[in-house]
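Novice: Based on what follows, work out the 3D shape:
(one chain, ligands or ions: 4)
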Amino acid sequence: MASTNIIKAIMFLLVLSLANNITPCEAQLSSTFYDRSCPKALRTIRTAIRTAISRERRMAASILRLHFHDCFVQGCDASILLDDSPSIISEKNALPNKGSVRGYEVIEAAKAKVEKLCPGVVSCADVLTLAARDASKMVGGPSWSVKLGRRDSTNASLVQAEAGLPSFKAPLDSLISTFGDNGLNVRDMVALSGAHTIGQAQCFLFRDRIYNNGSDINVGFASTRRRGCPLNSGNEKLAALDLVTPNSFDNNYFKNLIQKKGLLESDQVLFSGGSTDSIVREYSNNHSKFKSDFATAMVKMSEIRPLTGQEGVLRKICGALP
Ligand code: HEM
Ligand SMILES: *[C@@H]1O[C@H](CO)[C@@H](O)[C@H](O)[C@H]1NC(C)=O
Ligand SMILES: *[C@@H]1O[C@H](CO)[C@@H](O)[C@H](O)[C@H]1NC(C)=O
Ligand SMILES: *[C@@H]1O[C@H](CO)[C@@H](O)[C@H](O)[C@H]1NC(C)=O
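Specialist: Ligands and ions are numbered 1, 2, ... in the order given. From the prediction side, this is the model:
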């Protein structure tokens, strides 16, 4: 009869919903993860990061970048921190990282402090995520609340680090797709590129751009930058990514792009007649909108494929497997 069928259907749905409640949910990140197990973890990390940045202000930039290069390769699992060993081919030697990514020792020092406080509790991936948030705040950037409970990888992938990190010569569609692969949309990509409001880049990464006399570069800017970046030497000479306020987190990066004063090709391509021009204009006109979008995008980036629950491990030393 129709009514028994309805009763059967209701019973079926009831059982289904019960089963759903009983099945343990996948472990998730949580903002209170260490509140009981290591209540002083966040404060301890912040102090360590503050010490490093007051010693060298550029370290704020380096740590933000370190976190980005961790998250885009296998997710935010501290894989980038593992050193070479018989079982690990370190991401540190991947092309975008070698001789370029900095700050490993700062994260290791912060981790050593929390390890002393609460042995075997706080992951390297969480230390790095918190450090990036603290670094932004300390140089005038936004702050945000970080969900915790990431675990550390048991491996690293040099191959993925070379394939999955964007190139300084990447055209716009390739930047959009690399970020898209990581669940980040076009606005996230533009906002996150605004991290180039601080920090520095090496001559060999922007030499072609400043010597090519292309039309998408300000002539005065190119000539200034040539003085610090010889055509045939000085590969490692540094220039600020934001020529106006290289040590402060602000929206001058976007104002520079509108004046064709982006340092890297991947910077200028965000404002060169393509689909992201309007976003660059918006951020250049609205500092607070940039800051809040940056914070939102950082949270999204910091939650790329984390290991949680029983996945992965907790490393005692970030550079080595336990
Ligand atoms: C959009 C694609 C991106 C490309 C192609 C790119 C590329 C680069 C390159 C080539 C450098 C200079 C490295 C060197 O001179 O050794 C650099 C520096 C930097 N990048 Fe990016 N980046 C991108 C996105 C990001 C994102 C998403 C962040 C963080 C949220 C970030 C943060 C930084 C910082 C802070 C520096 C300066 C680091 C320092 O001074 O130590 N970048 N980036
Ligand atoms: C690293 O380990 C994860 C989890 O065990 C695995 O899915 C992934 O394929 C491994 N990656 C490499 C490069 O071995
Ligand atoms: C670009 O212009 C400068 C100075 O005007 C000149 O010395 C240089 O050779 C030019 N470079 C190219 C690639 O045309
Ligand atoms: C800037 O963005 C904020 C949102 O963060 C918005 O409320 C405000 O109206 C914008 N200001 C301007 C001048 O567009």
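
Novice: Nearest to ligand 1 within this structure, name that residue for me.
Specialist: With C-beta to the nearest ligand atom as the measure, the residue in the chain that lies nearest ligand 1 is G199; the distance is 2.3 Å. Using the backbone N, CA and C atoms, a C-beta is placed for each residue, glycine as well.

Novice: Can you report how many residues neighbour that residue?
Specialist: Around G199 there are 23 other residues, counting by other C-beta atoms under 10 Å.

Novice: Run through the residues that contact it.
Specialist: Under the criterion of C-beta atoms under 8 Å, 6 or more residues apart in numbering, the contact list for G199 reads 58, 60-62, 64-65, 240-241, 246.

Novice: if you set the cut-off to 7 Å instead, what comes out?
Specialist: With contacts defined as C-beta atoms under 7 Å, 6 or more residues apart in numbering, the neighbours of G199 are 58, 61-62, 65, 241.

Novice: As TSV, the residues you listed with neighbour count and secondary structure would be great.
Specialist: As requested, the contacts of G199 are arranged in TSV below (neighbours: other C-beta atoms under 10 Å; DSSP: H, G, I helix; E, B strand; the rest coil):
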residue	neighbour count	secondary structure
R58	18	coil
A61	28	helix
S62	22	helix
R65	22	helix
L241	22	coil
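
Novice: These: which ones sit near ligand 1?
Specialist: Residues shared between those and the neighbourhood of ligand 1 are 58, 61-62, 65, 241 [C-beta under 6 Å from any ligand atom].

Novice: per-residue confidence at G214?
Specialist: At G214, the model reports a pLDDT of 81.

Novice: Sorry, wrong one. I was asking about L148.
Specialist: The predicted structure scores L148 at 98 on the pLDDT scale.

Novice: which element is D188 on?
Specialist: Assigning secondary structure by DSSP states H and E places D188 in helix 186-193.

Novice: That helix near ligand 1 anywhere?
Specialist: Yes: among the residues of helix 186-193, 192-193 lie within reach of ligand 1 under C-beta under 6 Å from any ligand atom.

Novice: what does the next helix or strand after that helix contact?
Specialist: Counting by DSSP H and E, the next helix or strand C-terminal to helix 186-193 is strand 200-202. Outside strand 200-202, the residues that touch it by C-beta under 7 Å, 6+ apart are 58, 235-241, 263-264.

Novice: how long is stretch 189-197 end to end?
Specialist: Distance across stretch 189-197, first residue to last, is 14 Å (C-alpha to C-alpha, to the nearest Å).

Novice: Could you do stretch 160-179 as well?
Specialist: By C-alpha to C-alpha, the extent of stretch 160-179 from end to end equals 14 Å.

Novice: Pull the distance from that stretch to the chain's centre.
Specialist: Relative to its chain's centre, stretch 160-179 lies at 14 Å (C-alpha atoms, centre = their mean, to the nearest Å).

Novice: for stretch 269-285, same thing?
Specialist: Mean C-alpha position of stretch 269-285 versus that of the full chain (C-alpha atoms, centre = their mean) differs by 21 Å.

Novice: list the buried ones in that stretch?
Specialist: For stretch 269-285, burial by neighbour count (16 or more other C-beta atoms under 10 Å) applies to 269-272, 276, 279-280, 282-284.

Novice: Looking at those residues, which is nearest ligand 2?
Specialist: Relative to ligand 2, and with distances defined as C-beta to the nearest ligand atom, the nearest of those is V269, at 30.2 Å.

Novice: so the closest one touches P171, yeah?
Specialist: Yes: using C-beta atoms under 7 Å, V269 makes contact with P171 at a distance of 6.2 Å.

Novice: Would you check how far apart the residue nearest to L81 when sequence neighbours are not counted and A110 are?
Specialist: By the measure of C-beta to C-beta, 6 or more residues apart in numbering, the closest residue to L81 outside its immediate chain neighbours is C318, 4.0 Å from it. Between C318 and A110 the distance is 9 Å, computed by C-beta to C-beta, to the nearest Å.
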